[in-house]
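Student: 3D model of this:
(one chain, ligands or ions: 2)
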Amino acid sequence: MTFHILIADPLSEEGIQPLRSLENVNIITDTNLTPDELGEKIADFDALLVRSQTQVTSEIIEKATNLKIIARAGVGVDNIDLNAATEHGIIVVNAPNGNTNSAAEHTMAMIMSLSRKIPQAYNALKNHQWERKKYVGVELKNKTLGVIGLGRIGAEVSSRAKGQRMNVMAYDPFLTEETAEKMGIRYGTVEEVLKAADFITIHTPLLKETKHMINAEAFQNMKQGVQIINCARGGIIDEEALYDAIISKKVVGAALDVFEEEPFLDNKLLELPEVIATPHLGASTFEAQENVAVDVSHDVGTFLTGGLVKNPVNLPSVPREIMNKIEPYFNLAEKLGSFLIGLTQDVAEEVNIYYSGDLSELEVAPLTRNTVKGLLQRHLGDHVNDVNALYLAERKGITVHESKTTSTKGFTNLLTVEVKTKSGTRSVSGTLLNGMGPRIVKVDDYSVDVTPVGHIVVIHHKDQPGVIGRMGSLLAEHNINIATMQVDRSDIGGNAIMVLTVDKHMEQDELETLKQLEEIYDVTGIDL
Ligand SMILES: NC(=O)C1=CN([C@@H]2O[C@H](COP(=O)(O)OP(=O)(O)OC[C@H]3O[C@@H](n4cnc5c(N)ncnc54)[C@H](O)[C@@H]3O)[C@@H](O)[C@H]2O)C=CC1
Ligand SMILES: O=C(O)C(=O)COP(=O)(O)O
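Tutor: Ligands and ions are numbered 1, 2, ... in the order given. Below you'll find the model as predicted:
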């Protein structure tokens, strides 16, 4: 099988070598596609690699019927409709670390250019004006730098600013006073930071919560004569409000690498002499581009060949050592989910997954996703995968809970899945037998020992002499061979269960004929 990969934004050629060196890949680079052209082509591809320019909208994703992975060679994924990707089971990966240094250096370059008006002075000189009085700057030493968003880049900028003898004060929802103290910076709320800072630099992602976070009200709270830098994302600063704040002289300088609309040819902010700007160049160094391209190439290559990606955006990331321990249980989890939903006639409303024994010591989130995948695939088909299983369950109104328990019922590991419907609760438990693979060991309250594979028939009946024999004869009449049989009962003469594995798929009418026997209450065929 050949994987078709589309590179839709310029990526470092050296960086994508790991991908090119794979067998069975067909890589097309086309960095000039219009949204319509991308929409027309996208169905041909298994993987799409982009930077910030290509907008991967829900309309594009809708048409991407073969797409399995979208890779963002950089940090911000605001150009990708993550919900649409998740809904369609497309994994999104990014390269969160490769451009941190470049973005931090670019931010420092912007702060220094701003404080000494270097771009303006350079421009004047280019225009044959020797202007020394007009371009008097301010020192950074002893000034306060307010950092909004102390993640990878914010932290790097902070440490470099300290090297410039600046006082750094930061706000981040995950920053505590203790951590700030350890980093040698001051902690403040957003309001406190905005009020205290001489220079403010933004390093948050663009999210619903951060859109226009720096608005007219925020500018009002700032110091008179503040200077502001945005090398994160356009839209975090409200550009209209920034324009007004510059006109009113509240803000005396702004350095912008990112804009609400990109690319653009006209933006009225650029008419103001207080504004210096670059066209989204924060990550544009040879080093950063090579780093991010290598990272996404590895993830795309690994993913397409069935491996574990390092930087998933719409899936929690699980380290390889931990994954090695849980991977053997994937099949069990998926089969239990699939078996149980096959047994459940009514609409599932709630799913409870209990992990015990060895399993209770593991990171179980990937197993929960596999269980739910098995559960949903029976009715929704193969497009349900690890990426969209929980999302689709939520959309179908099914709540999913996972918990760890100490009750192992004598097994070294036990996974129990319970489905609640309007008419009651059904459950199934399974274990992974050392060297022998997965087994179903309980169906509701009955103990069994069934390998979850092939054609299974679950029969609820009355515990009475002769039932098993008559059942065998009926199956023989339909030329159905029983491979294995497990029987258990609640008490002598009470309710009982038979779990058969048979050699071929049984049609519904064949299953119905088994109900001719009056001791049979219920027959369900499940193909795993
Ligand atoms: N101009 C350019 O070329 C580049 C821009 N970027 C952008 O820089 C930004 C930061 O990137 P990283 O530091 O790598 O991300 P990161 O994820 O390491 O850091 C982001 C930080 O923002 C914080 N945050 C979220 N909401 C916040 C809020 N309401 N107020 C304050 N802090 C908040 C988060 O807690 C996190 O610590 C991203 O938007 C990214 O896209 C990144 C690389 C290059
Ligand atoms: O990594 C990011 O978030 C960036 O903004 C870099 O964007 P780019 O890849 O240079 O288009």
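Student: and the pLDDT at the closest residue to ligand 1 within the stretch 301-450 of the chain?
Tutor: Per Cβ to the nearest ligand atom, the residue of the stretch 301-450 of the chain with the smallest distance to ligand 1 is residue 313, at 11.0 Å. C-betas here are computed from N, CA, C, even on glycine. On pLDDT, residue 313 comes in at 93.
Student: helix, strand or coil for the residue in the stretch 51-200 of the chain that ligand 2 sits nearest to?
Tutor: Ranked by Cβ to the nearest ligand atom, the top residue of the stretch 51-200 of the chain for proximity to ligand 2 is residue 74, at 2.6 Å. With DSSP: H, G, I helix; E, B strand; the rest coil as the basis, residue 74 sits in coil.
Student: ok, and what's touching stretch 256-263?
Tutor: 52-53, 106, 110, 229-235, 237, 239, 267, 269, 275-282 (Cβ atoms under 8 Å, 6 or more residues apart in numbering).
Student: my error: substitute stretch 279-287 in the last question.
Tutor: Contact partners of stretch 279-287, identified using Cβ under 8 Å, 6+ apart, comprise 12, 51-52, 74-75, 99, 101-103, 105-107, 231, 257-259, 262-263, 289, 292.
Student: from these, list the ones also adjacent to ligand 1.
Tutor: 74-75, 99, 103, 231, 257-258 (Cβ under 6 Å from any ligand atom).
Student: of these, which belong to helices?
Tutor: Among these, the members found in helices (DSSP state H) are residue 103.
Student: could you export stretch 183-196 as PDB, CA atoms only?
Tutor: In PDB, the C-alpha atoms belonging to stretch 183-196 read as follows (Å, rounded to 0.1, in the frame of the first residue of the first chain):
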ATOM      1  CA  MET A 183      12.300  31.100  38.300                       C
ATOM      2  CA  GLY A 184      13.400  34.500  39.700                       C
ATOM      3  CA  ILE A 185      10.300  36.300  38.500                       C
ATOM      4  CA  ARG A 186       7.300  37.900  40.100                       C
ATOM      5  CA  TYR A 187       3.800  36.400  39.900                       C
ATOM      6  CA  GLY A 188       0.800  38.600  39.200                       C
ATOM      7  CA  THR A 189      -2.800  38.400  38.000                       C
ATOM      8  CA  VAL A 190      -3.400  39.600  34.500                       C
ATOM      9  CA  GLU A 191      -4.600  43.000  35.800                       C
ATOM     10  CA  GLU A 192      -1.500  43.300  38.000                       C
ATOM     11  CA  VAL A 193       0.900  42.400  35.200                       C
ATOM     12  CA  LEU A 194      -0.800  44.800  32.800                       C
ATOM     13  CA  LYS A 195      -0.700  47.600  35.400                       C
ATOM     14  CA  ALA A 196       3.000  47.100  36.400                       C
END
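Student: buried residues in it, which are they?
Tutor: Neighbour counts using 16 or more other Cβ atoms under 10 Å place 183, 185-188, 190, 193-196 of stretch 183-196 among the buried residues.
Student: list the buried residues of the helix or strand containing residue 123.
Tutor: Using DSSP states H and E, residue 123 maps to helix 118-126. Within helix 118-126, the residues that count as buried by 16+ other Cβ under 10 Å are 119-121, 124.
Student: how about stretch 504-524?
Tutor: For stretch 504-524, the neighbour count (16+ other Cβ under 10 Å) marks 506, 510, 514, 517, 519-520, 523 as buried.
Student: now, these that are in helices?
Tutor: 510, 514.
Student: show me where the stretch 101-250 of the chain has helices.
Tutor: With DSSP state H, counting those that start in this stretch as the criterion, the stretch 101-250 of the chain has helices at 118-126, 152-163, 177-182, 190-196, 216-221, 239-247.
Student: thinking again about what came up before, closest one of the buried residues of stretch 504-524 to ligand 2?
Tutor: Comparing those against ligand 2 with Cβ to the nearest ligand atom picks out residue 506 as the nearest, at 54.9 Å.
Student: got a list of what the closest one touches?
Tutor: The contact partners of residue 506, by Cβ under 8 Å, 6+ apart, come to 455, 457, 478, 480, 525.
Student: how far away is it from ligand 1?
Tutor: The spacing between residue 506 and ligand 1, counted by Cβ to the nearest ligand atom, to the nearest Å, is 53 Å.
Student: thinking again about what came up before, can you pick the most crowded of the contacts of residue 506?
Tutor: Neighbour counts for those, by other Cβ atoms under 10 Å, peak at residue 457, which reaches 22 neighbours.
Student: show me the contact partners of the helix holding residue 123.
Tutor: 112-113, 130-131, 134-135, 273, 276.
Student: mind checking which of these are buried?
Tutor: Using 16+ other Cβ under 10 Å as the threshold, 113, 276 are the buried ones among the contacts of helix 118-126.
Student: ok so, going back, make a markdown table out of the buried residues of stretch 183-196 and add pLDDT.
Tutor: As requested, those are arranged in a markdown table below (pLDDT from 0 to 100):
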| residue | pLDDT |
| --- | --- |
| 183 | 96 |
| 185 | 98 |
| 186 | 97 |
| 187 | 96 |
| 188 | 96 |
| 190 | 96 |
| 193 | 98 |
| 194 | 98 |
| 195 | 98 |
| 196 | 98 |
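Student: would JSON lines of the residues you listed with distance to ligand 2 be doable?
Tutor: Listed next are the buried residues of stretch 183-196 as JSON lines, based on distance: Cβ to the nearest ligand atom, whole Å:
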{"residue": "183", "distance to ligand 2": "23"}
{"residue": "185", "distance to ligand 2": "23"}
{"residue": "186", "distance to ligand 2": "27"}
{"residue": "187", "distance to ligand 2": "25"}
{"residue": "188", "distance to ligand 2": "25"}
{"residue": "190", "distance to ligand 2": "22"}
{"residue": "193", "distance to ligand 2": "22"}
{"residue": "194", "distance to ligand 2": "23"}
{"residue": "195", "distance to ligand 2": "28"}
{"residue": "196", "distance to ligand 2": "28"}
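Student: buried ones in stretch 431-451?
Tutor: 431-433, 438-444, 446, 448, 450-451.
Student: rewinding a little: which members of the contacts of stretch 256-263 are positioned in strands?
Tutor: 229-230, 275-277 (DSSP state E).
Student: taking the contacts of helix 118-126, tell me the two that lie furthest apart.
Tutor: For those, the farthest-apart pair by Cβ to Cβ is 112 and 130; their separation is 21.7 Å.
Student: pLDDT wise, what is the closest residue to residue 519 other than its chain neighbours at?
Tutor: Distances taken as Cβ to Cβ, 6 or more residues apart in numbering place residue 462 nearest to residue 519, at 4.3 Å, with adjacent residues excluded. pLDDT, residue 462: 94.
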